[in-house]
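Asker: Need a 3D model of the sequence below.
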Amino acid sequence: MLPVARWMMRGTPQSVIGAAAATLVPWLFWLGAAIAGLVALRRGLSPALPVIVAAAVPAGWWWTRGDVIPLACILLVTLMAVVLRARLRWSETLIVGALAGAAMIQLGIFLPPGGAGPLLEQLRQSSPEIASMLDEFARQGLETEHLAELLIGGVTGLVVLLAAVACLALARSWQAGLYNPGGFREEFHALRLAPRELLVLMVILAVGAVLVLPGLGLMLWVPLLVAGIALVHGVIGLKGMNGLWLVAFYVLLITTWPMILIVLLAALIDSFADFRARLGRSD
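Answerer: Below you'll find the predicted structure:
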């Protein structure tokens, strides 16, 4: 897709047309978000505003049709691109993105119109088993509507944040391919949460638990997950291992929960142990 990115970067008109067209097409919003992210990374926020607006207007139209995901993704990608351009640190960028995603969950922008009540009523009518399960939850004193809102908002917000991170990575890889070949690989392989950044995450999680802000707990493990994925990429790259190891890793990551926990734990330990630096010295 590098030729597409090269054409987009010829000028603002090309970028505007590409971002607007991609976002208007269903399920191509990720391409529009990546284009907006690329322009913001390369030129900065102010020069990228026409492109961001061009992507946001069709996404706003989709929002009026009941789909908030494209607009939320574009906003998150833009925010993270600006932070990454200014700070040049993926770890800080991911933390800011996770906080913004948590704020979206708390504001309830991912909930369907009218909340979760109408959806629960439809589920009750469509399935006696679900109706009896919801009644059982109610007898136990659980607020089923609140739980449903938390589930819908949390899962949707998590998907949007992961999609935004993937779009930003795509935009960064385009930028590196056009202007700094090999730069993204080096940058991503070195991604690691510093101990102070890990401490910030823990403090924010504690504050979220005290203030009962579930969005923080749902989103703030994403930076650690991405750092763990970068650790695997970095180790495989340092050892010169076959790319099939990455394929196997992603298959396990997508299909098994224990693998996610292992990756999170590895990233947590790596914040203090810095495995890649140790491997580099041993080689």
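
Asker: Could you pull up the contacting residues of the closest residue to residue 2 other than its chain neighbours?
Answerer: The shortest distance from residue 2 to any non-neighbouring residue, by C-beta to C-beta, 6 or more residues apart in numbering, is to residue 177 (4.8 Å). Yep, even glycine has a C-beta here, placed from its N, CA and C like the rest. Shown in contact with residue 177 (C-beta atoms under 8 Å, 6 or more residues apart in numbering): 2, 5, 184.

Asker: so the first one touches residue 178, yeah?
Answerer: Same thing as residue 2. Yes - shown here, residue 2 and residue 178 form a contact pair, counting by C-beta atoms under 8 Å, at 7.1 Å.

Asker: between those two, who's got more neighbours?
Answerer: Each of residue 2 and residue 178 has its neighbours counted (other C-beta atoms under 10 Å); residue 178 has more, 15 against 11.

Asker: wait, that one sits on residue 4?
Answerer: No - using C-beta under 8 Å, residue 178 is not in contact with residue 4; the gap is 11.0 Å.

Asker: any idea which element the residue nearest to residue 2 lies in?
Answerer: helix 144-179 (DSSP states H and E).

Asker: Tell me which helix or strand comes right after that helix.
Answerer: helix 183-189.

Asker: Which residues outside stretch 112-122 are in contact with it?
Answerer: If you take C-beta under 8 Å, 6+ apart as the criterion, stretch 112-122 is touched by 66, 134, 144-145, 148-149, 152.

Asker: Out of those, which two sit at the greatest distance?
Answerer: Spatially, the most separated pair among the contacts of stretch 112-122 is 66 and 134, at 23.7 Å (C-beta to C-beta).

Asker: Looking at those two, which one has more neighbours?
Answerer: The neighbour comparison of residue 66 against residue 134 (other C-beta under 10 Å) goes to residue 134, with 20 against 8.

Asker: Could you list the low-pLDDT ranges of this structure?
Answerer: 117, 120, 123-124, 131, 134, 137, 141-142, 282-283 (pLDDT under 70).

Asker: just to revisit the earlier point, now the buried members of the contacts of stretch 112-122.
Answerer: Those of the contacts of stretch 112-122 that meet the buried threshold are 134, 144-145, 148-149, 152, by 16 or more other C-beta atoms under 10 Å.

Asker: With respect to residue 87, which of these is nearest?
Answerer: Closest approach to residue 87 among those (C-beta to C-beta): residue 152, at 32.5 Å.

Asker: got a list of what the closest one touches?
Answerer: Counting by C-beta under 8 Å, 6+ apart, residue 152 makes contact with 110-112, 116, 119.

Asker: For the host helix or strand of residue 40, which outside residues touch it?
Answerer: Assigned by DSSP H and E, residue 40 belongs to helix 29-43. With C-beta under 8 Å, 6+ apart as the test, helix 29-43 has contacts from 5, 8-9, 15, 18-23, 47-48, 51-52, 55, 58-59, 62, 69-70, 73-74, 77-78, 80-82, 84-85, 163-164, 166-168, 170-172, 174-175, 179.

Asker: In helices, which of the residues you listed appear?
Answerer: Counting by DSSP state H, the contacts of helix 29-43 place 5, 8, 15, 18-23, 47-48, 51-52, 55, 58-59, 62, 69-70, 73-74, 77-78, 80-82, 84-85, 163-164, 166-168, 170-172, 174-175, 179 in helices.

Asker: Can you turn the buried part of these into a ChimeraX selection?
Answerer: Filtering those down to the buried ones (16+ other C-beta under 10 Å) takes a single ChimeraX command:
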select :5,8,15,18,19,20,21,22,23,48,51,52,55,58,59,62,69,70,73,74,77,78,80,81,82,84,85,163,164,166,167,168,170,171,172,174,175
